[in-house]
Structure formats: structure tokens, C-alpha cells
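**Student:** Fold the following and give me the result.
(2 chains)
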Number of protein chains: 2
Amino acid sequence: MEAGDFKDFAKAMTDYITEYLENIRDRQVVPSVKPGYLRPLVPEQAPQQAEPWTAVMADIERVVMSGVTHWHSPRFHAYFPTANSYPAIVADMLSGAIACIGFTWIASPACTELEVVMLDWLGQMLGLPEQFLARSGGEGGGVIQGTASEATLVALLGAKARTIQRVKEQHPDWTDTQILSKLVGYCNKQAHSSVERAGLLGGVKLRTLRPDNKHRLRGDTLKDAIEEDLKNGLIPFYVVATLGTTSSCAFDVLDELGDVCNSHDIWLHVDAAYAGSAFICPEYRYLMKGVEKADSFNFNPHKWMLVNFDCSTMWLKNPRWVVDAFNVDPLYLKHDHQGAAPDYRHWQIPLGRRFRALKLWFVLRLYGIENLQKHIRKQIGLAHYFEEFCNKDDRFEIYEEVTMGLVCFRLKGDNEINEELLRHINGRGKIHLVPSKIDDVYFLRLAICSRFTENSDIDLSWEEIKSCADEVLKGVSKN
Amino acid sequence: MEAGDFKDFAKAMTDYITEYLENIRDRQVVPSVKPGYLRPLVPEQAPQQAEPWTAVMADIERVVMSGVTHWHSPRFHAYFPTANSYPAIVADMLSGAIACIGFTWIASPACTELEVVMLDWLGQMLGLPEQFLARSGGEGGGVIQGTASEATLVALLGAKARTIQRVKEQHPDWTDTQILSKLVGYCNKQAHSSVERAGLLGGVKLRTLRPDNKHRLRGDTLKDAIEEDLKNGLIPFYVVATLGTTSSCAFDVLDELGDVCNSHDIWLHVDAAYAGSAFICPEYRYLMKGVEKADSFNFNPHKWMLVNFDCSTMWLKNPRWVVDAFNVDPLYLKHDHQGAAPDYRHWQIPLGRRFRALKLWFVLRLYGIENLQKHIRKQIGLAHYFEEFCNKDDRFEIYEEVTMGLVCFRLKGDNEINEELLRHINGRGKIHLVPSKIDDVYFLRLAICSRFTENSDIDLSWEEIKSCADEVLKGVSKN
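**Tutor:** Numbering: from 1, shown residues only, chains lettered A, B, ... in the order given. This next block holds a predicted model:
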């Protein structure tokens, strides 16, 4: 493909995606295709000769869009949001053109240095303690990971390294294997499934602890578990505090957990994947009270802060533990400036990394802090707007206090009726939700996902849910 | 940012990156900045109000480009290539606009299904055995990972799961921990550092074995190591065969390793990260003879096949072992079609994933197989063209047989003189190379990286190297 063709193609794509996004409201949110729909739509083999870009363009609706679940439709309320914004799309074009691999400083100084500074900008926006920021001149600093799963795993590996060293100082005769078999970490039973996966991957025990009746992990529960394990000769080494659980957006009481962790020299990692974006608004920072007691903090601008996937930002007070755990240093990756700036390959699982700081830079500048705050506040406002509908309809109940852009609700009654309700809603295909279940109580989750969502969209979603409830309850009364 | 502004911005960016790439030859390949250069160039904090896109555009040269190492300059010969092409950049724009997270089939059927079919297209292009392809109707199939490091780790986890189950059948009384402590994997001493990291991460022993005098791991060496370990009560479970080592692009003798692995029920993973792209040309497939004996195969179209990072394609004969190792299945991720199509979240370390199959689709169609083959052959031709220069100059020697786009060469003489040579080359800043060292022999690596590279660029690189050699050797004769 020559430069001239590229210009035509990229500009046609710009028009296409503008059209797509600005009119996304009109598309069916979940496609009606069955598994295997796509294979018959394309040839069995790649073409021998180059095709014109117009042929590819012509296939996008037919092959791709016919099977896309439209995450940015205001009718999409499943999971949590994933970000999508015009500035981030343009930044990724530039990232694709520079296409450097920023594994070391010298491999592209701009790629490393813009990331260091952007993580400082963002850390300040959240009100993170200075110890997490590179500008403080201390050891702390931030990094962009691909996903929160990776951040959880990286923190676990740092915790493992730190604890093994500490234990070896106390017990010089113990082997790594012996120590490893005694390590135990903790998280809320409602923590994300990736925490459990991190434990599996890292080969250490992770205990899930029972939250209080608001689904928050409390200090006393953690303390009891630790003391029990210490009595049994285990070594508590890692705690994940979840700020905004996936099931119901509950917030562990970080302040309490922090005290317990600090008094036992346990690594405290904060997983604020979804809700962390809200901390750019000072009025929500009460939910991260105690963050200064944590060792690492992670949230995903790629969820709720308008930076396209993947951009999972993580700050560490002392990255040395992670860096040392990963430090495999072949000659072809050595360079003259080692130590003067971070070599981010030591901060992450993969070796390669794209120039992702550009998206953060573009989004922060082209929105500005105020517009990003407006975006968060508007979406939380929309959640409360939907909550009101539920509250005003006697048939419904709210399952969990609404603090962010997620409303957990259900029909008063048993699980079956709520499962039936969700089947109706998703079956009709106008809006899309997923359920969750805590302590055997099944409920529906309505997340405000799209940046295009307006009150009128919530009106429509509510009408749809209400109408499905009518159907379901009529069915019940017939039986 | 409104739609109208986005159109202007994206189109301006299209023009900018066309200009950048088409004239990249004229830029200094490695910037002359020092660590810390960037911070003074930007404000200390993110702006409160939105800035216009023209302000961001104006800062790209000043802030970013002044510190970029230009990986797509024909003067860049370091590491291995990373891909960059116009079709892939446009595909990523579309991926950014759809911005779905393809963790399950229902989360966006097109995202999963296009990936399944593209991996079949690509597998056929490489001549992979049908057992690796989804279209065979068996269990096999492909997936896009982020990096080869992740593929190596995923294969290791599959191998671990398979072996633990087998051993438990033989020894029902053994615990997982007992079995884990006995597991041992193997790779060439010249395998990529990420193999060692996968072992660290997965908590298992990995033995690096001595290659033959052509730096290839041979079957007999592996067999001896396995027999020794079996005598000592260990459980050999995993072998990584490297096709195209990073240091010198040597190829392990896969056919021999395959026989040994198959006779001991050991998982054989093929890491062809760089060189795998060459297998789209039938004349290079002799280097992957025996691939039908492998359990998993991985290469990076994001290195040498013009698909922008990240796109590391991996095929598994039996993904079940990986899927089961990872299967953590919360209610909010369950759906009605589980089992009918792959839920790729079970095939990888992170939970989230972008719509990366689009890049593969666009590149395969807009180049066509023939142009991709031409690209590979041309780059290998350029490597031989440079090799000829070295061969004709008595002062130089070729360190390793040139088979792909990498030339390993050195001045006849000691390591110091070659270190001095590289310092001169990189110090003058016209071209960029990195060194390697095998068995204490230091040599220079010249990789053909940019798709813009022509014979005239190699002429220039050779002139530069020759001129640096003149300087260095003059300095030596003076002393």
C-alpha cells in the first residue's frame, strides 16, 4: 500500500468511524448471529494478490459489524465501561506510525519519558501521595500495564520477592521452595477473578475473605485471618484491596486494611480498576482513604477515563522489588544509560510495549481535567437517575448502595424471577445487561458505559426493563 | 472533542504520519537526548481546560519526535524488526472505534470469530499441520497473544497442567506442590530471556542446554539431559525450541527435539518469534521440519510480517490444557453459547483483549500473500547483500551463517576492538546496531528492520561501518 492510497483509506476510515460512533444509538446492541456466523462470509484462504482498500472497506459492515456487540451504544449496560474517545484514537494512529518498542530507555527515550511524566500528571489528578510519584525524587513511580490482571500479578511478584528476602534474613537456612509453600495472600471474596488467577500463576495460596454486609473487606476480618495463619506457621505476604468490586462496586475499607498490612509488613495492592477514575473528582476520594498505606495502586483509564484499551496505570512506592524479580539482562538489551531512567521492561510481564503514553497525553490535554471530571459526574448522575426509577417502582429493589456508575437492582422475589427478567431483557435485544450473584442472591447490573449516554437513553432503558418486568410478572400470575 | 474536530485532527494526523514515514530516512536514527530531557518540555500538571488539537499537533515534533528512536528508519539495524504498515494503522483505527473487549464470544462475536478464521488463514500460509487449525474440526486452533513472552508462559502453564494430571494418575498420593518441585523444562542456552522469565513466573526449574557449534540445540543433548534428570527423580515436562535465536538467528533442530519430546510425553513449544514470518515462503520451511511433533507454535507477525505490535500468533494442538489451567468463571462472564466458540480469555494471561484480528485481516488482504513473500525475500536479500560486503573486506568476518534478515559480523581480532567499533558506530549516530556475545565472543548484529530499506541504504550503512572500522583500526595501530 502506497502513501497516496493510505491517505485516501485513512480519511475514508475517519469518516466511517465518525458516522459509526455518532449514530451508534441506532444499532442493535447485541448482534443476533450464531456461533460460526463469520466463516462462510470470507474466503477460505488469504488472497494471493493484493486487494484494493475499497474492497476491505466494503466488507466491514457485512463481515464485521454484523457480528459486533456495540460496547459504546448507550443501550449497552453490561460489565463495566471500556473507554473510547476521539483523542485516544488519533493518538494510537501516531503510536502506530512511530511503532517503537519501548522496552528500554534507549529503545525510544520519548516513549519511556512521556510515560513517567504522564503517570505523574495522572497521579496528581487522583491526589496520590507524593511517594508514588517520580517527581518526588524518591524511588516511586508509575507505569502503564496492559490490564489490571497484569498489575495484580506484578504486585504479587514484587510482594513475593520482598517477603522471600525478609524471611531469608530471619531464617538463612530456609530454601525458596520452603518459603514459597508458606506464603499466603488475601482478598475480598468479591475481588475480581484475576486475583485468583494471579495466585494460580504465581504459585501461591490466596485466601478469599468474607466481606461485611455491605460487601466490603474490613480490617478485623483480615487481622483474624492473618493471626490464624501465623499460628499455623504460614507467612502472610500480600493483600489486594478492591475499590469498586466487579459484582456490585463495593469498596473495601482501605484505611483499616492498610493499618493491618503495615503492622505485619504485608504488601498492600489497591485494585481500583473501574472506580479509580472517579478519584479525579475530590468528592469521591473518601473512598480511597488510607491509600498512603498501600505499596501499589492500580486503576484503568481504559475503563472510565476515555483512554482506549489498553492503558492500565499502576504506581509503586518501591518498584525495585518488581524490577529485581524480573531482571534478566541479555547483552543486546544493555545500554549506557541504565539506571538513569526506568527500563520499563523490568516492570511488566511482556518484554515488548507500545507507545501508550501518547493516548494519555492526548486525552488529558484535549479534554482537560474539568471535562474529565464532568464526564465522571455525569455518568454517576445517570446511575442515580436510573436508581430513582427503581426506587419509585414498588416491584423493584436496589441491591447495593449506588456510589459510581453501576446500579445493582432486582425484582423483589426469588432468583428465578430475576433470571427470567434478564432472559427477557437480553432476548429482546434492545439493551444489554449481565447479572451477578452474591450469597446466592441473583441481581441485575446496569452499568453506565457509553460516553454518548443521555437521560433520554436511561428513560428508554428503564421503559424496556419495566416492560420486560410486566411480561415476566404477568407470566407468573398466569401460572 | 466533537466529531467535526476529530475529522480534522485525524486527517491532519494522517498527513503528518505519511510525511513522517515517507521521509524517515532523513531523520537521525537515535536521538541525542539525555535521560530526563522531556520533563522540562511539558507543564508540571495536566491542563484544567481542554486545549485545541492544533496545540497538541504543534508539540509532537518538539516534545515527542526529539526523543524518538526511529525504528522504521532504514538506518535502524538494532534488535529485530518491529512491524509498521499502512493497512495495520488503519485497521487499528477501526479497532479503536469499535473498542470492544473480546473476552468471551458474546462480548463481541466478530472479534472472536475473525481471529479464529485469520489464524486459520495464517496457519495455512505457513504450512502448519491441520491439527493446529480450527477448520480441521479437531480441538486445535490459534489465538493472538500480546507478545512471544506471553505465548511461552501460556504454553508452560498448559504443559504444567497436562503433566500434573498425568503424574497424579500414576501417583495419586503425590500433592501438587510435590510434583511442581520435580518439574523441569529445557531450552537452548541461546533461547530468549523471556523463557527464563516464564520459568521464574511459573515457579518451575528451566535448564538451559548447550547448543552445538552452530548454536542449535540438538536432540542428543536434550535426550542426555532428560535421562540424567529422570535418574535424579525429576519430571521433564516442557521444551522450548527456538527457531531463530535473538543473538544470532540460529535454528534448533526441531525434528530431533520433537522425537525426544514425543517419546517422553513432554510438551514441545516452538518459539519462532522473528523467523516464523519467513515460513510463508516455502523455501524456508526446511527450518521448521518436524513442526508436526510440536504441541504449540508461536511467531510474531508484529515483528516481520507488517502487522503492527501487538500481534503474536500462537497455535495449540490441544488448547484444553491451557483453558482448564485458567478457567475462573464468574457469573458476569458466563453466557449461553459457552463451548460453541472459543472464549479467548481462557487462552491468555490478561482478561481483556482488543480487536486485533482486524490488523491481520487488513494486512493479508491489502498486501496479499505474494507481496508479503516478496517483502521477506527482499529483506533476506538485503542481508546477503550486506554479508557480501563483509566477505569482501579482509578485516571482517561473518560470525554466523546468514539465513534470515540478520547479519552477525565482527572485526577479526579481540572483543575490545569490536566493542570499540560499536561505540564508534553508535556514537556517530548515523546508524544504530546492538551487539551480542556467545561463548565470550563479542559480535555486532545488523538486522534489516525497516520496510523502506533499499540496497542504497545498505551501501550507506556499510560505508559508515567501514569508515568506523578505519578509525578504530587506525587508533589501534597508533597505540
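**Student:** which residues touch the strand or helix carrying A:T221?
**Tutor:** Element membership of A:T221 [criterion: DSSP states H and E] is helix A:219-231. With contact meaning C-beta atoms under 8 Å, 6 or more residues apart in numbering or on different chains, helix A:219-231 is reached by A:184, A:186, A:207, A:209-212, A:236, A:239, A:253, A:255-257, A:259-261, A:264, A:266. (Each C-beta comes from the backbone N, C-alpha and C, glycine too.)
**Student:** Which of those residues fall in helices?
**Tutor:** When DSSP state H is applied, the contacts of helix A:219-231 are split such that A:255-257, A:259-261 fall in helices.
**Student:** What is the nearest of those residues to chain B?
**Tutor:** Set against chain B, the nearest of the ones in helices among the contacts of helix A:219-231 by C-beta to the nearest C-beta is A:L257 (22.2 Å).
**Student:** so what's the closest one closest to, chain neighbours aside?
**Tutor:** A:A241 (5.0 Å; C-beta to C-beta, 6 or more residues apart in numbering or on different chains).
**Student:** Burial check on the one you found, number of neighbours?
**Tutor:** A count of neighbours around A:A241, defined by other C-beta atoms under 10 Å in any protein chain shown, yields 31.
**Student:** what's the spacing between it and A:P319?
**Tutor:** 19 Å (C-beta to C-beta, to the nearest Å).
**Student:** coming back round to it: want to try CSV for the ones in helices among the contacts of helix A:219-231, with distance to A:D15 and pLDDT as columns?
**Tutor:** Below are the ones in helices among the contacts of helix A:219-231 laid out as CSV (distance: C-beta to C-beta, whole Å; pLDDT from 0 to 100):
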residue, distance to A:D15, pLDDT
A:D255, 51, 98
A:E256, 53, 98
A:L257, 50, 98
A:D259, 56, 98
A:V260, 56, 98
A:C261, 52, 98
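**Student:** which other residues reach the helix or strand harbouring A:R445?
**Tutor:** Using DSSP H and E, A:R445 sits within strand A:441-447. Here strand A:441-447 makes contact (C-beta under 8 Å, 6+ apart) with A:77-81, A:247-248, A:383, A:386, A:399, A:405-410, A:415, A:418-419, A:421-422, A:425, A:433-437, A:461, A:465, B:332.
**Student:** So in that sheet, which strands flank it, and in what orientation?
**Tutor:** strand A:406-411 (antiparallel), strand A:434-438 (antiparallel) (DSSP bridges).
**Student:** what distance separates that strand from the centre of its chain?
**Tutor:** 19 Å (C-alpha atoms, centre = their mean, to the nearest Å).
**Student:** Pull the residues that contact the next helix or strand after it.
**Tutor:** Next along the chain after strand A:441-447, taking DSSP H and E as the criterion, comes helix A:455-478. Outside helix A:455-478, the residues within contact range by C-beta under 8 Å, 6+ apart are A:25, A:74-75, A:77, A:382, A:385-386, A:389, A:393, A:395-396, A:411, A:417, A:420-421, A:424-425, A:428, A:430-431, A:446, A:448, A:450.
**Student:** Mind doing that once more with 6 Å?
**Tutor:** Contacts to helix A:455-478, defined as C-beta atoms under 6 Å, 6 or more residues apart in numbering or on different chains, come from residues A:74, A:382, A:385-386, A:389, A:420-421, A:424-425, A:430-431.
**Student:** Of those residues, which belong to helices?
**Tutor:** Using DSSP H, these in helices are A:382, A:385-386, A:389, A:420-421, A:424-425.
**Student:** Are any of those residues buried, and if so which?
**Tutor:** Neighbour-count burial (16 or more other C-beta atoms under 10 Å in any protein chain shown) applied to the ones in helices among the contacts of helix A:455-478 gives A:382, A:386, A:389, A:420-421, A:424-425.
**Student:** Widest-spaced pair of those?
**Tutor:** A:L382 and A:E420 (26.3 Å; C-beta to C-beta).
**Student:** re the thing from before, okay, buried residues for the strand holding A:R445 please.
**Tutor:** Neighbour-count burial for strand A:441-447 [16+ other C-beta under 10 Å]: A:442-447.
**Student:** Where do the strands of chain A begin and end?
**Tutor:** Read by DSSP state E, chain A holds these strands, from start to end of the chain: A:141-145, A:183-188, A:205-209, A:235-242, A:267-271, A:296-299, A:312-316, A:396-398, A:406-411, A:434-438, A:441-447.
**Student:** In JSON lines, list these along with mean pLDDT.
**Tutor:** JSON lines is the format used below for the strands of chain A (pLDDT from 0 to 100):
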{"stretch": "strand A:141-145", "mean pLDDT": "97"}
{"stretch": "strand A:183-188", "mean pLDDT": "97"}
{"stretch": "strand A:205-209", "mean pLDDT": "95"}
{"stretch": "strand A:235-242", "mean pLDDT": "98"}
{"stretch": "strand A:267-271", "mean pLDDT": "98"}
{"stretch": "strand A:296-299", "mean pLDDT": "98"}
{"stretch": "strand A:312-316", "mean pLDDT": "98"}
{"stretch": "strand A:396-398", "mean pLDDT": "98"}
{"stretch": "strand A:406-411", "mean pLDDT": "98"}
{"stretch": "strand A:434-438", "mean pLDDT": "96"}
{"stretch": "strand A:441-447", "mean pLDDT": "98"}
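**Student:** Any regions of the stretch 301-450 of chain A where pLDDT drops low?
**Tutor:** A:326-330, A:338-339 (pLDDT under 70).
**Student:** A:N232: neighbour count?
**Tutor:** 9.
**Student:** tell me the pLDDT at it?
**Tutor:** pLDDT for A:N232: 97.
**Student:** Please list all residues in contact with it.
**Tutor:** A:N232 touches nothing, counting by C-beta under 6 Å, 6+ apart.
**Student:** swap in A:I179?
**Tutor:** Contacts of A:I179 (C-beta under 6 Å, 6+ apart): A:164, A:167.
**Student:** how much space between it and A:K430?
**Tutor:** Taking C-beta to C-beta, one finds A:I179 at 55 Å from A:K430.
**Student:** Contact residues of the stretch 151-300 of chain A facing chain B?
**Tutor:** A:177, A:181, A:193-194, A:196-197, A:203 (C-beta under 6 Å from any C-beta of the partner chain).
**Student:** who's in contact with stretch A:71-79?
**Tutor:** Counting by C-beta under 6 Å, 6+ apart, residues outside stretch A:71-79 touching it are A:24-25, A:29, A:82, A:84, A:431-434, A:446-447, A:449-450, A:452-453, A:457, B:100.
**Student:** repeat that for 8 Å
**Tutor:** By C-beta under 8 Å, 6+ apart, the list of residues contacting stretch A:71-79 reads A:21, A:24-25, A:27, A:29, A:69-70, A:81-82, A:84, A:246, A:430-434, A:445-454, A:457, A:460-461, B:98-101, B:107-108, B:332.
**Student:** Quick check on the residues you listed: which are buried?
**Tutor:** A:21, A:24-25, A:29, A:69-70, A:81-82, A:84, A:246, A:430-434, A:445-451, A:453, A:457, A:460-461, B:98-101, B:107-108, B:332.
**Student:** which non-adjacent residue is nearest A:E420?
**Tutor:** A:V472 (5.0 Å).
**Student:** Neighbours of the one you found, how many?
**Tutor:** A:V472: 22 neighbours (other C-beta under 10 Å).
**Student:** quick one, phi/psi of the spatially most central residue of chain A?
**Tutor:** In chain A, the residue lying closest to the centroid (C-alpha atoms, centre = their mean) is A:A273, at 3.9 Å. Taking degrees, to the nearest 10, you get phi -40, psi -60 for the backbone angles of A:A273.
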